[in-house]
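>>> Give me a 3D structure for the following:
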Amino acid sequence: PLPSGRRELVVPVGGGEQRAVALRIPRGYRPDRAWPMIYLLHPSGGNGPSFLGFIEQALGPKVEEYVVAAPSYYRQTGLDAPAPFTTDHPSILEAVRRTAHIDADRSYVVGYSLGGYATWAVALLHGDLVGGAVAIGSVFTVPPDGDGLWKDLLPNFRHVPTMHLWGAKDTVPVTGFGGFPRTIGVMSEINERFRLLTRGISLPQLQDVRVPNKGHGGLQPPTAAFHAILAGRRVHAPKAVDHTFRHVFQGSTYWLEAREWVGEHWGPGFPNIVPKRGETQIQAKGRVIRERLARLQGKVHGQTISITRRHVGAMVVWFPEGLIDWANPVRIEVDGKLAFEGQLIPSLDFALAEAQRTYDFDRLRWAGVAIDRAGVGVAME
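From the prediction side, this is the model:
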């Protein structure tokens, strides 16, 4: 039981650090039902408590239908976030689930400016934890300075309904990947380029909302479209996933989860860039970054699951409801080789034990197959 109103939650996020999270508990909150949640990410210069007013204004009386969690001074707002590497977003979302009775299938991330960048990061790197995202007054979390990483990362959030809201007169400068070059353009220019790119790609979940007479401030999501995002539910078992990431803790995507990193890794400093013959500096930069990013791809064809991996050793294939037909054997191929073949039996004990680990009781995984570095799979017990 929690009284309505505001309270503070302190969450360890690794590396000896912790984050203060402002929780807004709605009027009429009861612990015997699951409540949808808004994960609210403040702009630079603000903090969690000060940004609660934004969502209260945007939703009006409907704000009482949600638990709102607003962290202060969070980190990891993009793929190129500097050290220390902390697990802010997944750790905070789990801590909120352990505190209030949250409907994890109806958890949404909303952020403005710096918080908009962070919203993109959550949708890209932890999209299997949310049912929708609203990024306001920001640009796609990977600066488009010619390295082609936009196209590499767009598949990450293919299953996350996302609203991208921006002002056509926004003149806030945008820095390059890793902080250099110092400026690659202003937000409105970058967003126009992103808009043109995504028009040619099938991204039905993306709503690009350009506000003609607005700059960086004063943006409010359109009411009907905003409520449509907040009415959606998280996807559990898409038949195809494609996930690129930088750290192992970012390597969970619906029914695939990386447990081990292998090979070259992008550490605290920006990688040394030496162009090959015929490469520009920007092309070399994109190549070097790609070489240091991990990737998990998986497709389900009937009872056969095909997986390819880069920089991933040990991993787990999870089996939520709807992924396979439990009455027939399953075949798992990893990097073109047979890793596992056999019958899987859904287990309530297994599902509840796994849910207890993450406190995500709305996404039950009834079985799992552990794949080792050599590509050998074993059914988990």
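>>> And the helices in the stretch 1-150 of the chain?
With helices called from DSSP state H, counting those that start in this stretch, the stretch 1-150 of the chain shows them at 48-59, 88-99, 114-125, 149-153.
>>> Compute the first-to-last residue distance for stretch 265-273.
14 Å (C-alpha to C-alpha, to the nearest Å).
>>> one step back: so which of the helices of the stretch 1-150 of the chain gets nearest residue 336?
helix 149-153 (21.5 Å; C-beta to C-beta). Quick note: C-beta positions are derived from backbone N, CA and C, even for glycine.
>>> Check which helices and strands the closest one is in contact with.
Secondary-structure packing of helix 149-153 (3 or more C-beta pairs under 8 Å, 6 or more residues apart in numbering; DSSP states H and E): helix 187-199, helix 281-291.
>>> Run the angle between the next helix or strand after that helix and helix 114-125 for me.
Using DSSP states H and E, the helix or strand that follows helix 149-153 in sequence is strand 162-167. Orientation of strand 162-167 against helix 114-125 (axes from the mean of the first three to the mean of the last three C-alpha atoms, to 10 degrees) gives an angle of 150 degrees.
>>> CA atoms only for strand 162-167 - export them in CSV, please.
Below are the C-alpha coordinates for strand 162-167, written out as CSV (Å, rounded to 0.1, in the frame of the first residue of the first chain):
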residue,chain,number,x,y,z
THR,A,162,7.4,6.1,-30.7
MET,A,163,6.4,9.7,-31.1
HIS,A,164,9.1,12.1,-32.2
LEU,A,165,8.0,15.7,-31.5
TRP,A,166,10.2,18.6,-32.5
GLY,A,167,10.0,22.3,-33.4
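>>> quick one: that strand to chain centroid distance?
16 Å (C-alpha atoms, centre = their mean, to the nearest Å).
>>> got it, and stretch 329-346?
That offset, for stretch 329-346, works out to 27 Å (C-alpha atoms, centre = their mean).
>>> what does it rub up against?
Contact with stretch 329-346 is made by 303-309, 317, 319, 324, 326, 328, 366-367, 369, 371, 375-379, as judged by C-beta atoms under 8 Å, 6 or more residues apart in numbering.
>>> Show the buried residues in the residues you listed.
305-307, 309, 317, 319, 324, 366-367, 369, 371, 375, 377, 379 (16 or more other C-beta atoms under 10 Å).
>>> Any idea which of the helices and strands packed on helix 149-153 gets closest to residue 91?
That would be helix 281-291 among the helices and strands packed on helix 149-153, by C-beta to C-beta, at 25.5 Å.
>>> Would you mind identifying the next helix or strand past the closest one?
In N-to-C order, the element after helix 281-291 by DSSP H and E is strand 294-301.
>>> What pairs with that next one, parallel or antiparallel?
Paired strands of strand 294-301, with direction, are strand 240-245 (antiparallel), strand 304-310 (antiparallel) (DSSP bridges).
>>> burial count for the spatially closest residue to residue 365 that is not a sequence neighbour?
Using C-beta to C-beta, 6 or more residues apart in numbering and skipping residues adjacent in sequence, the residue nearest residue 365 is residue 318, 4.3 Å away. Residue 318 has 21 neighbouring residues, counting by other C-beta atoms under 10 Å.
>>> can you confirm residue 318 is in a strand?
Yes. Per DSSP: H, G, I helix; E, B strand; the rest coil, residue 318 lies within a strand segment.
>>> show me what contacts it?
Residue 318 neighbours (C-beta under 8 Å, 6+ apart): 254-257, 354, 365, 367-368.
>>> returning to that earlier point: can you redo the strands paired with strand 294-301 as a markdown table with mean pLDDT?
Converted to a markdown table, the strands paired with strand 294-301 look like this (pLDDT from 0 to 100):
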| stretch | mean pLDDT |
| --- | --- |
| strand 240-245 | 98 |
| strand 304-310 | 98 |
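>>> Generate a markdown table for the ones you listed, with distance to residue 287 as supplementary columns.
Output for the strands paired with strand 294-301, formatted as a markdown table (distance: least, C-beta to C-beta, whole Å):
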| stretch | distance to residue 287 |
| --- | --- |
| strand 240-245 | 14 |
| strand 304-310 | 14 |
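>>> Check whether residue 37 really touches residue 102, as I assumed.
Yes. Using C-beta atoms under 8 Å, residue 37 makes contact with residue 102 at a distance of 4.9 Å.
>>> anything in contact with each of these two?
Going by C-beta under 8 Å, 6+ apart, residues that sit against residue 37 and also against residue 102 are 67, 96.
>>> and the spatially most central residue of the chain, what does it touch?
For the chain, the residue nearest the mean C-alpha position is residue 126 (2.6 Å; C-alpha atoms, centre = their mean). Residue 126 makes contact with 89-90, 93, 250, 252, according to C-beta under 8 Å, 6+ apart.
>>> same thing with residue 363?
Residue 363 touches 104-105, 234, 236, 320, 355, counting by C-beta under 8 Å, 6+ apart.
>>> any idea how far it lies from residue 285?
37 Å (C-beta to C-beta, to the nearest Å).
>>> same deal with residue 360?
For residue 360, the distance to residue 285 - C-beta to C-beta - is 37 Å.
>>> Settle it for me: which of these two has more neighbours?
Per other C-beta under 10 Å, whichever of residue 360 and residue 285 has more neighbours is residue 285, with 24 against 21.
>>> Great, nothing more from me.
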